[in-house]
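Colleague: no sequence for this one, just the structure:
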């Protein structure tokens, strides 16, 4: 059994999206001949939403280590709060001990705390072990300009540091796994030495085991009351300006449906859950405000703060229907479409016509897909939403082709990831 040291600072009971690839792979790695050694950071040193039940989804035989981190109170005076920097020294020291004792064949960095990836070339030089990076988000990218302030200065300094560190880390990288082809193109353009064989495009897998767990354990949700006499439609995931076109089209179509038959829609509630990365309950409710502009604000309830991951899946299962607005960026890969499909509910997805989500829904027949193109008006998209969704309501549960969907499962994604691991190890021998 080959060993891979997985560096994933965020780990249960914390609820962060970037840990799920590693977490969902654990039950399936052995099928492909790999054993996981998981190196994370003590959750108490990081902060964030915690969900104790999530710990139970990790196979009990998993070998795990936790590094410490410099307390945030000590580094705040220096303007450093980032968990990746605060934990770097502890991760390095503990990782050295693990590598020396366990002698893994491969290092795998699966995180959006990008400073941790600096350890790849450091350990690679010291121990001769190849490392693989998981690009779930872009590390270096253009950000909109901000008015000059202490925060913007920190952002500029952080960006400058990232632009220095990423080339250093990528100079010796053995392989890159990316959730999106657009990240591959951006990295290839920026670093011509990287070849196509250095990349594997691999979205997150569908979390079948998590749905089994929440139904077996009767995991509850506290966002809305399913039996309160109202009809509840749910979206769980981030907000953002890039979703505004799809949302505006949705609200225009909803307003028109209510204008035509008010009694059919006045008891509807659309829940948008976990739309802000900020943990504060006082974060601005941009989606509620947008709905108000189109006269349907009373039908929309936005919960900006993040909730537990398992609780969010329960919200999908308790819903009458699911809504997934897509980004105006065609390269955005929304892995959250997989839980929506597994929930087996009527599903409306509003996505850019070049998004990979469109291919998934067309192959599987798992929901109603409304696409849009660059420069298209919200009114034109709303007309298609009305025709394909509101005018047809009640929409039946989609006749999903589960055989076609199997290629998106966590098991299949893990198998493909292990193939990349195998190629990397063989090429370095």
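Modeller: Yep, that arrived. No experiment lies behind these values; they were computed from the predicted model shown.
Colleague: can you map out the strands along the stretch 251-400 of the chain?
Modeller: 268-273, 300-303, 321-325, 347-352, 368-372 (DSSP state E, counting those that start in this stretch).
Colleague: could the ones you listed go into TSV alongside mean pLDDT?
Modeller: Converted to TSV, these look like this (pLDDT from 0 to 100):
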stretch	mean pLDDT
strand 268-273	98
strand 300-303	97
strand 321-325	98
strand 347-352	97
strand 368-372	98
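Colleague: tell me which of the ones you listed approaches residue 283 most closely.
Modeller: For the strands of the stretch 251-400 of the chain, proximity to residue 283 was assessed by C-beta to C-beta; strand 300-303 is nearest, at 9.4 Å. Heads up, the C-betas are built off the backbone N, CA and C, glycines and all.
Colleague: list the pairing partners of that closest one within its sheet, with orientation.
Modeller: If you go by DSSP bridges, strand 300-303 pairs up with strand 268-273 (parallel).
Colleague: right, and residue 343 touches residue 314 too?
Modeller: No - counting by C-beta atoms under 8 Å, residue 343 sits too far from residue 314 to count as a contact (9.7 Å).
Colleague: residue 241: neighbouring residues, count only.
Modeller: Residue 241 sits with 10 neighbouring residues when counted by other C-beta atoms under 10 Å.
Colleague: check residue 373 too.
Modeller: 11.
Colleague: and it, what does it touch?
Modeller: 352-353 (C-beta atoms under 8 Å, 6 or more residues apart in numbering).
Colleague: redo that, cut-off 10 Å
Modeller: 330, 352-354, 380-381 (C-beta atoms under 10 Å, 6 or more residues apart in numbering).
Colleague: again with residue 209
Modeller: 23-24, 26-28, 57, 59, 409-411.
Colleague: can you tell me the SS state at the nearest residue to residue 331 once chain neighbours are set aside?
Modeller: Computed as C-beta to C-beta, 6 or more residues apart in numbering, the closest residue to residue 331 that is not its neighbour in sequence is residue 182, at 2.8 Å. Three-state assignment for residue 182 (DSSP: H, G, I helix; E, B strand; the rest coil): helix.
Colleague: so residue 182 sits against residue 327, correct?
Modeller: No - using C-beta atoms under 10 Å, residue 182 is not in contact with residue 327, being 11.0 Å away.
Colleague: who has more neighbours, those two?
Modeller: With neighbours defined as other C-beta under 10 Å, residue 182 and residue 327 compare such that residue 327 has more, 21 against 17.
Colleague: count the neighbours of residue 31 for me.
Modeller: Residue 31: 11 surrounding residues under other C-beta under 10 Å.
Colleague: verify the stated contact: it with residue 415.
Modeller: Yes - counting by C-beta under 10 Å, residue 415 is a contact partner of residue 31 at 7.1 Å.
Colleague: lowest confidence element among the helices and strands of the chain?
Modeller: Using mean pLDDT, DSSP states H and E, helix 72-75 stands out as the lowest-scoring helix or strand of the chain, at a mean of 70.
Colleague: what mean pLDDT does the helix or strand just after it get?
Modeller: Remark: after helix 72-75, the chain's next helix or strand is helix 83-86, criterion DSSP states H and E. Average pLDDT, helix 83-86: 83.
Colleague: so for helix 83-86, what gets flagged as buried?
Modeller: 83-86 (16 or more other C-beta atoms under 10 Å).
Colleague: need the contacts of residue 373 in JSON lines (columns: distance to residue 255).
Modeller: Converted to JSON lines, these look like this (distance: C-beta to C-beta, whole Å):
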{"residue": "330", "distance to residue 255": "27"}
{"residue": "352", "distance to residue 255": "23"}
{"residue": "353", "distance to residue 255": "24"}
{"residue": "354", "distance to residue 255": "28"}
{"residue": "380", "distance to residue 255": "15"}
{"residue": "381", "distance to residue 255": "14"}
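Colleague: what do residue 343 and residue 314 both touch?
Modeller: Contacts common to residue 343 and residue 314, judged by C-beta under 10 Å, 6+ apart, are residue 211.
Colleague: one step back: in PyMOL, how would I select the buried members of the contacts of residue 373?
Modeller: Command for PyMOL, covering only those of those found buried under the criterion 16+ other C-beta under 10 Å:
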select buried, resi 330+352+381
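Colleague: closest to residue 241 out of the contacts of residue 373?
Modeller: residue 352 (14.4 Å).
Colleague: name all residues that make contact with the residue lying closest to residue 46 once chain neighbours are set aside.
Modeller: Once flanking residues are discounted, residue 46 sits nearest to residue 83: 4.9 Å by C-beta to C-beta, 6+ apart. Applying C-beta under 10 Å, 6+ apart, we find residue 83 in contact with 9-10, 16, 41, 45-48, 69-70, 72, 111, 113, 115-116.
Colleague: check residue 215 too.
Modeller: Residue 215 sits in contact with 313-314, 317, where contact means C-beta under 10 Å, 6+ apart.
Colleague: go on, residue 117?
Modeller: 7, 84, 107, 109, 111, 131, 133-135, 139, 165-166, 168-170, 173.
Colleague: same deal with residue 267?
Modeller: 228-232, 299.
Colleague: one more time with 8 Å
Modeller: 229-231.
Colleague: for the residues you listed, pick the one with the most neighbours.
Modeller: When neighbours are counted by other C-beta under 10 Å, residue 231 leads the contacts of residue 267 with 19 neighbours.
Colleague: what distance do you get for that one to residue 265?
Modeller: Distance, residue 231 to residue 265, by C-beta to C-beta, to the nearest Å: 9 Å.
Colleague: and residue 406, what does it touch?
Modeller: residue 412.
Colleague: kindly confirm my reading that it is in a helix.
Modeller: Yes - according to three-state DSSP, residue 406 belongs to a helix.
Colleague: how close does it sit to residue 206?
Modeller: Distance from residue 406 to residue 206, by C-beta to C-beta: 9 Å.
Colleague: then residue 100?
Modeller: 37 Å.
Colleague: the two: who's more crowded?
Modeller: Neighbours were counted for residue 100 and for residue 206 using other C-beta under 10 Å; residue 206 has more, 26 against 10.
Colleague: returning to what we had before: what pLDDT does the residue nearest to residue 331 get?
Modeller: 90.
Colleague: so who does it touch?
Modeller: Neighbours of residue 182 in contact, by C-beta under 8 Å, 6+ apart: 329-332.
Colleague: how many other residues sit next to the spatially closest residue to residue 419 that is not a sequence neighbour?
Modeller: Sequence neighbours aside, residue 32 is the residue nearest to residue 419 in space, at 7.5 Å (criterion: C-beta to C-beta, 6+ apart). Neighbour count for residue 32, taken as other C-beta under 10 Å: 17.
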